[in-house]
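> my questions are about this predicted structure, shown below with the sequence.
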Amino acid sequence: MWLRRTKSGVRIHNAYPPKFGCTSFKDVHSLIDDGGGSPKKQPAICHRTRSVKSFLRTLSKSTFPENVAEEPEAEPEPEPDPDIRIPGAEKLVVLYFTSLRIVRRTFEDCKTVRSILSAFRVPIDERDLSMDSGFIDELQRILGLSKRSKLTLPRVFIGGRYIGGVEDVRRLHESGELKKYVEGLPVAEPGTCEACGGYRFLLCVECSGSHKCYSEKAGFNSCTLCNENGLIRCPSCSSSSASAPPL
């Protein structure tokens with residue numbers, strides 16, 4: 001026997017959601033804002049980028065104060081006197097360069113100049129600053145530069161006369177003027193030096209390349225015959241430049 005369904009006496013208020021009073025979405029921020037006011041404006045992207053950069057700059061200065069200190073700038077290199085000469089080097093080419101590859105551009109410039117000069121088959125006195133630091137002081141004295149001046153390589157002297165760097169040599173070579181500078185120089189003997197293999201330096205016989213000599217009275221002292229690397233200039237391939245002693 002089925003029970004008869006009766007109407008419940010409990011009434012449910014607010015059974016339906018309130019009507020949405022906004023006719024458009026332009027007032028949606030006012031409905032979801034907790035404070036009931038207008039929504040806060042977010043900073044623009046450019047403004048936020050400037051704020052981040054400013055924060056990082058301040059953080060860098062406070063965390064790494066050594067970054068703030070600026071290194072003293074080297075003195076700019078003055079224009080060399082065109083009448084600069086090396087006495088006693090009238091019959092050869094003197095090239096100051098470096099064989100180290102630490103700075104790629106400098107190494108490539110030195111390599112370019114050496115290739116250009118070697119094509120003329122003239123005697124070249126190559127003075128590698130990386131093999132003997134004494135060449136640095138020597139070149140600075142020749143050019144009249146101070147210790148703080150910026151020294152760029154390579155530097156070329158032809159017949160004792162200062163020619164310039166890589167750009168000067170390249171410009172003279174392309175115009176054909178460089179050939180006129182080397183016309184009066186003697187012809188170099190072909191081949192590589194058998195004594196040093198073309199390195200222009202040998203181990204010091206006195207200290208065997210250690211740059212230290214021992215004596216019973218004074219103990220160990222620096223060798224006076226070689227440079228700081230325990231090397232001496234090769235007497236075979238440096239004989240052509242014997243008339244041009246270091247300044």
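On my side now, so go ahead.

> test my guess that Gly134 contacts Asn227.
Yes. With contact defined as C-beta atoms under 8 Å, Gly134 reaches Asn227; the gap is 6.1 Å. All C-beta atoms are positioned from the backbone trio N, CA, C, and that covers glycine.

> which one of the two has more residues nearby?
With neighbours defined as other C-beta atoms under 10 Å, Gly134 and Asn227 compare such that Asn227 has more, 17 against 13.

> which strand or helix spans the more buried one?
Assigned by DSSP states H and E, Asn227 belongs to no helix or strand.

> what of Leu202?
Secondary structure here is read from DSSP H and E; on that basis Leu202 sits in strand 201-203.

> quick check: buried residues in that strand?
Using 16 or more other C-beta atoms under 10 Å as the burial criterion, the residues of strand 201-203 that qualify are 201-202.

> same check, this time on stretch 175-183
Buried positions in stretch 175-183, judged by neighbour count with 16+ other C-beta under 10 Å: 178, 181.

> for that stretch, measure first residue to last.
From its first residue to its last, stretch 175-183 covers 15 Å (C-alpha to C-alpha, to the nearest Å).

> low-confidence stretches in this protein?
Within the chain, the ranges that satisfy pLDDT under 70 run 1-82, 239-247.

> so where do the helices sit in it?
28-32, 45-63, 104-118, 134-143, 166-175, 177-181 (DSSP state H).

> which non-adjacent residue is nearest Ile163?
Here the nearest residue to Ile163 in space, its sequence neighbours aside, is Val156; by C-beta to C-beta, 6 or more residues apart in numbering that works out to 4.4 Å.

> so Ala195 makes contact with Cys234?
Yes. With contact defined as C-beta under 8 Å, Ala195 counts as touching Cys234 (5.5 Å).
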